[in-house]
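# What would the 3D arrangement of this be:
(one chain, ligands or ions: 1)
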Amino acid sequence: MADHLVRIMTKDGSLRACAAETTTLVDAICQRQGTDLTASVALGRLVTGAALFGSLLKGEQRLALQIEANGPLQKLSAETDAYGRVRASIRQPISNLPPRNERFDVAGAIGKAGFLHVSKDLGFGDPYRGMVQLVSSEVAEDLAWYLTTSEQIPSSVGLGVLPREDGHIAVAGGFLIQALPGAKDEQLAGLEERLHALPPLTTLLREGLSPEAILARIFSGIETIPQATLPLLFDCSCSRPQALAILALLPEEERQPLLAEKEITVTCEFCRERYSFTPEELSGKG
Ligand code: ZN
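The predicted structure follows:
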């Protein structure tokens with residue numbers, strides 16, 4: 001089934017949750033970024049996390065997640081909007097950490113010391129910015145830690161990305177569960193037990209479970225109300241005029257040498273699209 005996200009709420013209003021399948025989305029992004037297998041898993045988890053975090057955006061609101069740490073991948077970014085459009089980039093796509101026995105050393109590739117940055121443009125005033133230190137560098141735990149401490153919403157995050165030998169993504173997806181004010185301790189303890197007993201997400205996705213089915217499994221026996229379904233897709237908002245505008249914003253000492261070149265090329269860090277300009281276009285005489 002095509003990539004999508006579903007959002008539900010328990011009937012008593014104490015928990016909200018969403019789950020997503022992101023296989024095609026993560027594959028499109030990893031192909032463009034040229035990631036190796038371990039980097040694909042790391043970036044795919046962040047991409048899926050961004051889709052889950054974005055599930056509550058409205059209208060023209062936007063959200064960006066960024067991990068910057070001391071591992072070989074250096075910096076990973078993922079951005080999304082209220083329409084489920086996601087794009088992502090990675091500074092160093094090769095981790096040089098090949099998988100061992102189907103285990104991917106994501107924490108090693110990202111690096112143990114670093115930060116997760118969250119930025120939300122909610123359409124009024126300056127964007128909201130939050131930051132936490134990485135706790136495990138496995139992504140899901142770091143995202144849950146951010147929501148629980150920084151936004152003070154107790155949260156559980158599950159992320160699964162499995163690449164094939166040929167570099168394409170076999171399955172990718174995730175879930176996010178949040179306790180709302182009024183959630184009782186015994187409810188949360190019960191939920192924790194269920195999550196503990198849940199097979200790895202990549203196993204469920206490989207068995208063909210949809211996001212709906214994954215949530216039904218986690219919340220079996222609990223009455224839930226569907227809230228929304230959102231398609232997820234790779235989409236980059238870059239454009240030729242935007243690339244030219246970025247060049248025009250360069251400080252004079254960086255812009256001047258470019259005017260001596262025959263052709264000035266800008267590559268979008270997200271979709272890897274190349275935009276070429278003549279010096280005349282850059283100086284505004286083109
Ligand atoms: Zn682009």
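
# Sort out which residues of the helix or strand containing Gln31 are buried, please.
Remark: Gln31 resides in helix 23-33, with elements defined by DSSP states H and E. Taking 16 or more other CB atoms under 10 Å as the neighbour-count basis, helix 23-33 is seen to contain the buried residues Thr23, Leu25, Val26, Asp27, Ala28, Ile29, Cys30, Arg32, Gln33. Placement of C-beta: from N, CA and C, glycine included.

# Stretch 254-270 now?
Leu258, Ile264, Val266, Cys268, Phe270.

# Then stretch 88-97?
For stretch 88-97, the buried set under the neighbour-count rule, 16+ other CB under 10 Å, comprises Ala88, Ser89, Ile90, Pro93, Ser95, Leu97.

# which of these lies closest to Gly190?
Within those, the smallest distance to Gly190 is 34.7 Å, found for Ala88 (CB to CB).

# Endpoint to endpoint, stretch 51-65 covers what distance?
Between the start and the finish of stretch 51-65 there is a gap of 10 Å, counting by CA to CA, to the nearest Å.

# quick one: contacts of it?
Residues external to stretch 51-65 that are found in contact with it (CB atoms under 8 Å, 6 or more residues apart in numbering): 5, 7, 18-20, 22, 25, 46, 49-50, 77-82, 84, 86, 116-123, 143, 157, 174-176, 228, 230, 232.

# Filter these down to just the ones in helices.
For the contacts of stretch 51-65, the ones inside helices are Leu25, Leu46, Gly49, Ala50, Leu143, with DSSP state H as the criterion.

# I'd like these as JSON lines, with distance to the ion appended.
Putting these into JSON lines (distance: CB to the ion, whole Å) gives the following:
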{"residue": "Leu25", "distance to the ion": "15"}
{"residue": "Leu46", "distance to the ion": "17"}
{"residue": "Gly49", "distance to the ion": "20"}
{"residue": "Ala50", "distance to the ion": "16"}
{"residue": "Leu143", "distance to the ion": "24"}
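
# Most neighbours among the residues you listed, which one?
Comparing the ones in helices among the contacts of stretch 51-65 by number of neighbours (other CB atoms under 10 Å), Leu25 comes first, having 32 neighbours.

# Surely it and Leu230 touch.
No - counting by CB atoms under 8 Å, Leu25 stays clear of Leu230, with 12.0 Å between them.

# burial count for Phe219?
17.

# To clarify, my last question referred to Gly284.
Other residues within reach of Gly284, judged by other CB under 10 Å, total 8.

# Doesn't it lie inside a strand?
No - the assignment for Gly284, made by DSSP: H, G, I helix; E, B strand; the rest coil, is coil rather than a strand.
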